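Visitor: Could you look at this predicted model? Sequence included:
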Number of protein chains: 4
Amino acid sequence: MSDSRSVSGAEKETARVEAFSDGVFAIAITLLILELKVPSGLDEHGLRSALEAEWPSYAALLVSFATIGIMWVNHHRLFNLVHRVDHTLLLLNGLLLLGVTVVPFPTALVADYMGRGGARLAAAVYSGWFIVIAIAFNLLWRYLASPARQPPLLKVSLESPEVRAIHAAYRVAPLWYVIAFALSFWLPVASVAVCGALALFFALPPRHAGG
Amino acid sequence: MSDSRSVSGAEKETARVEAFSDGVFAIAITLLILELKVPSGLDEHGLRSALEAEWPSYAALLVSFATIGIMWVNHHRLFNLVHRVDHTLLLLNGLLLLGVTVVPFPTALVADYMGRGGARLAAAVYSGWFIVIAIAFNLLWRYLASPARQPPLLKVSLESPEVRAIHAAYRVAPLWYVIAFALSFWLPVASVAVCGALALFFALPPRHAGG
Amino acid sequence: MSDSRSVSGAEKETARVEAFSDGVFAIAITLLILELKVPSGLDEHGLRSALEAEWPSYAALLVSFATIGIMWVNHHRLFNLVHRVDHTLLLLNGLLLLGVTVVPFPTALVADYMGRGGARLAAAVYSGWFIVIAIAFNLLWRYLASPARQPPLLKVSLESPEVRAIHAAYRVAPLWYVIAFALSFWLPVASVAVCGALALFFALPPRHAGG
Amino acid sequence: MSDSRSVSGAEKETARVEAFSDGVFAIAITLLILELKVPSGLDEHGLRSALEAEWPSYAALLVSFATIGIMWVNHHRLFNLVHRVDHTLLLLNGLLLLGVTVVPFPTALVADYMGRGGARLAAAVYSGWFIVIAIAFNLLWRYLASPARQPPLLKVSLESPEVRAIHAAYRVAPLWYVIAFALSFWLPVASVAVCGALALFFALPPRHAGG
């Protein structure tokens, strides 16, 4: 009886961490729109040109929206496997959420500087920040899936196909963002495009059965 | 036993997608107010005139608030019928949420340009964006209600009156927004008014019994 | 069996409306801070003066925070009595939420114009908006507590002390805001102060036992 | 039977207060990013310098993010011990949430004035505000843990190790922020650094077993 209650306490705890994280993801993804500026005081022709000239803002919004959305799905999938949270997990999750809340800033940087002088620096900050987030995801995951955690934080065996699929995907993700980062120094538009392609790629259904 | 547990897992999953979506709707609807600007440095007479001159902002705020509110009710009604979510549903829901988060931008466009040179373009973007959202709702619904999904994603029979009522309503909604869009090239104020009237119309109680 | 399931469905429905409303209240109350502007480019002495000169912003923030907070408590208390929601209730609740999301705008108006030329108009808009919200609360409550709703929307008898206490409090609240509104034409600071005093007054514990 | 229902009602009530508070924490922590400004209209070299010159913004963001994050964890830990909420607890919790929602303002002040003329005043407001929040936490906790509350608001005995650990920690926290406040008049950067160090210190796992 006391066992089942403590299990239920652990699940309530996990649910509250998930709910708080969901809130942060939902707010960060919705704040992106505040970076889109309405050009002021123009006539119809000028407004049309100004809206067309804002294409980097639309592109940056789309890529960041897709990336945060996919990160939410992944965070969600990760926490579906979590049995209980401990203090370190809370801190690592906080680090990841810091990564997510900051995204509107590099997004605004890309929106303002793409196609201008500072484009390479903007794309470098943008893709570089996604490396940071990918590393935060890896730290969280490695802590979760470490055999040293006793009792385990995960509900499932470390040998299960879900765990292996996540291991494989997470090992590779930061490297892709490193490629986007490297590209930013020559082809800033291509760097942002790679970030967008990565979001689409991660949006594909997971390969293991039952995902 | 394992069956009932997986059902409950599916319901928890659905609940979390609903909660995340609710968060995005609630934030987008509340961010609309940030587009209302306080005119600065005026005396009483000037302030009164400036506040009166902001009527397009108030109108745009009201129409967008009503539209997002009704979309929330519809999203809610849809997900009440959902039994489980799969990966594609998650992506289609993400597309819909993208539509919702963007609404403050065309709203600000209408607020700034109604009654001025760029009014027609602003109303076209505004009503055009609602076509996009109506299409996203249709994609989500068609996927949900497709007989090809096995096991079905819906809790209810595809022949049930709720499903038929939603089919009928969703088939028509984009067409109404196309009319608002077409109007925008001649009568931008009428275009925005049609969007407002549509929100009121969709706010009427559903015609089928038990809704 | 089917009865108890529909009761649980009604409770889930009510819970989701409460959760969405809570989200809107939480966001509106937190967005208030965005109206506080950091004075830019000053030395220490200038910064101190500028921060001191912002007292109307602090006052408006406090009064609006307290008012939205108390409205949340009241909304909460109302929905604790709600057994099921119907379509009209959803719309009336939406009207109330519209009232809440708008609050940051009259708050910014008071923050910018108190102690200046437009103070009377700002205080009139501010207190006038609270009349609108008080009326929205009354509409919601009268619909909820109408004996015409069959089956009733409330869990408790219309003769219960909670219901009577709410009746008494809601009947009076708009009148107090009318006084604040009337005051705004002579003494704008007193008008805002009355709004603050009302929030404190409504924050007193309810008089009936068991509240 | 009626007993167990009222217990469950009390838990639902507590859960709703927690959810509202979580929403406010999540929004306040995510709004911090809005204070980071994108420097406009620069070439690559100028942009790099401008981004480097924004280090006080990054530092303030990090310290405030960590502080709000830790306050969330503490709030969470406190409410895990709460059995039921009463009216006064609701008001004290509201006072604490007021403290949390304001944090983006002193953060912006530090971001704009660190390394400039107004740095000492900015750091004083910043650390001073954390004293206010620490006092609000103490008021909330003292009310919760007072033996005068009958029936008790806490689930656990006032002699339990969790309660004693919180007593010990809360007694000291305001004093540390007083030190940061005192430092602000000589060494504003050190004052903000102490606030950051305190967040890291409070992030250490609690010393009592089972935390």
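Guide: Cool, the structure landed.
Visitor: And stretch A:163-178, what's buried?
Guide: Residues A:163, A:165-166, A:169-170, A:173-174, A:176-177 are the ones in stretch A:163-178 that count as buried (16 or more other Cβ atoms under 10 Å in any protein chain shown). Backbone N, C-alpha and C define where each C-beta goes, glycine included.
Visitor: now the strand or helix carrying residue A:79, how far from the centre of its chain.
Guide: Per DSSP states H and E, residue A:79 falls inside helix A:55-80. Taking Cα atoms, centre = their mean, to the nearest Å, one finds helix A:55-80 lying 6 Å from the centre of the chain it belongs to.
Visitor: now do stretch A:26-43
Guide: 20 Å.
Visitor: Does chain B have contacts with it?
Guide: Yes. Using Cβ under 8 Å from any Cβ of the partner chain, we find that stretch A:26-43 touches chain B at A:26-27, A:29-34, A:36, A:38, A:40, A:42-43.
Visitor: Closest one of those to residue A:14?
Guide: Ranked by distance to residue A:14 (Cβ to Cβ), these are led by residue A:26 at 18.4 Å.
Visitor: and the nearest residue to the closest one once chain neighbours are set aside, helix, strand or coil?
Guide: Leaving aside its sequence neighbours, residue A:26 sits nearest to residue B:23 (Cβ to Cβ, 6 or more residues apart in numbering or on different chains; 3.4 Å). Three-state assignment for residue B:23 (DSSP: H, G, I helix; E, B strand; the rest coil): helix.
Visitor: Nearest residue to residue A:171 in space, ignoring adjacent ones along the chain?
Guide: Counting by Cβ to Cβ, 6+ apart, the residue nearest residue A:171 is residue A:138, at 7.8 Å.
Visitor: buried sites along the host helix or strand of residue A:130?
Guide: When elements are assigned from DSSP H and E, residue A:130 belongs to helix A:119-144. Within helix A:119-144, the residues that qualify as buried by neighbour count (16+ other Cβ under 10 Å) are A:119-138, A:140-141, A:143-144.
Visitor: Could you do stretch A:42-56 as well?
Guide: In stretch A:42-56, counting by 16+ other Cβ under 10 Å, buried: A:42, A:47, A:51, A:54, A:56.
Visitor: right, and residue A:99 touches residue A:139 too?
Guide: No. If you go by Cβ atoms under 8 Å, residue A:99 and residue A:139 don't touch, sitting 10.6 Å apart.
Visitor: Okay, angle between the helix holding residue A:79 and helix A:119-144 too, please.
Guide: 0 degrees (axes from the mean of the first three to the mean of the last three Cα atoms, to 10 degrees).
Visitor: From the buried residues of stretch A:42-56, pick the one nearest residue D:86.
Guide: For the buried residues of stretch A:42-56, the nearest to residue D:86 is residue A:54 (52.2 Å; Cβ to Cβ).
Visitor: And residue A:145, its phi and psi?
Guide: phi -100, psi 10 (degrees, to the nearest 10).
Visitor: Verify the stated contact: it with residue A:156.
Guide: No. Contact between residue A:145 and residue A:156 fails when scored by Cβ under 8 Å: they sit 9.7 Å apart.
Visitor: who's more crowded, those two?
Guide: residue A:145 (20 against 15; other Cβ atoms under 10 Å in any protein chain shown).
Visitor: quick one: the helices in chain A?
Guide: A:2-31, A:44-53, A:55-80, A:87-102, A:104-113, A:119-144, A:161-184, A:188-203 (DSSP state H).
Visitor: which parts of the fourth one are buried?
Guide: Within helix A:87-102, the residues that qualify as buried are A:89-102, counting by 16+ other Cβ under 10 Å.
Visitor: Helix D:188-203 and that one, what's the angle between them?
Guide: 130 degrees.
Visitor: now helix A:87-102: mean pLDDT?
Guide: Across helix A:87-102, the average pLDDT comes to 94.
Visitor: Same question for the helix or strand of chain A with the lowest mean pLDDT: list its buried residues.
Guide: Using mean pLDDT, DSSP states H and E, the weakest-scoring helix or strand in chain A turns out to be helix A:2-31, at a mean of 79. Neighbour counts over helix A:2-31 (16+ other Cβ under 10 Å) mark A:10, A:13-14, A:16-31 as buried.
Visitor: Which residue is the nearest non-sequential neighbour of residue A:58?
Guide: residue A:36 (7.8 Å).
Visitor: Look up how far residue A:56 lies from the one you found.
Guide: Taking Cβ to Cβ, to the nearest Å as the measure, residue A:36 falls 11 Å from residue A:56.
Visitor: What does the pLDDT read for the residue nearest to the spatial centre of chain A?
Guide: By Cα atoms, centre = their mean, chain A has its centre lying nearest to residue A:71, at 3.7 Å. As predicted, residue A:71 sits at a pLDDT of 94.
Visitor: which ones are touching residue A:154?
Guide: A:81-83, A:144-145, A:163 (Cβ atoms under 8 Å, 6 or more residues apart in numbering or on different chains).
Visitor: try 6 Å this time
Guide: Residues counted as contacts of residue A:154 (Cβ atoms under 6 Å, 6 or more residues apart in numbering or on different chains) are A:81, A:144.
Visitor: ok, back up a step: name the residues of the helix holding residue A:79 that are buried.
Guide: For helix A:55-80, by 16+ other Cβ under 10 Å, it's A:56-57, A:59-76, A:78-80.
Visitor: ok, and of those, which contact chain B?
Guide: A:65, A:69 (Cβ under 6 Å from any Cβ of the partner chain).
Visitor: Dump the buried residues of helix A:87-102 into CSV; add distance to residue B:196 as well.
Guide: Output for those, formatted as CSV (distance: Cβ to Cβ, whole Å):
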residue, distance to residue B:196
A:89, 48
A:90, 46
A:91, 48
A:92, 47
A:93, 42
A:94, 43
A:95, 45
A:96, 41
A:97, 38
A:98, 41
A:99, 40
A:100, 35
A:101, 35
A:102, 37
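Visitor: out of these, which touch chain D?
Guide: A:91, A:94, A:98, A:101-102.
Visitor: Would you point out the most distant pair within these?
Guide: Longest span within those, Cβ to Cβ: A:91 and A:102, 17.0 Å.
Visitor: Spell out which residues of chain A are next to chain B.
Guide: A:22-23, A:26-27, A:30, A:33, A:36, A:38, A:43-44, A:47-48, A:65, A:69, A:203, A:205.
Visitor: Go through those and say which is closest to residue A:114.
Guide: Among those, and counting by Cβ to Cβ, the member closest to residue A:114 is residue A:36, at 13.8 Å.
Visitor: Number of residues surrounding the closest one?
Guide: 20.
Visitor: so how far is residue D:95 from the closest residue to residue A:166 other than its chain neighbours?
Guide: Among residues not flanking residue A:166 along the chain, residue A:141 sits closest, at 6.4 Å (Cβ to Cβ, 6+ apart). Look at residue A:141 and residue D:95: by Cβ to Cβ, they are 39 Å apart.
Visitor: now residue A:195
Guide: 43 Å.
Visitor: repeat for residue A:134
Guide: 40 Å.
Visitor: got it, and residue A:84?
Guide: From residue A:84 over to residue D:95 (counting by Cβ to Cβ), the distance is 32 Å.
Visitor: go on, residue A:75?
Guide: Distance from residue A:75 to residue D:95, by Cβ to Cβ: 32 Å.
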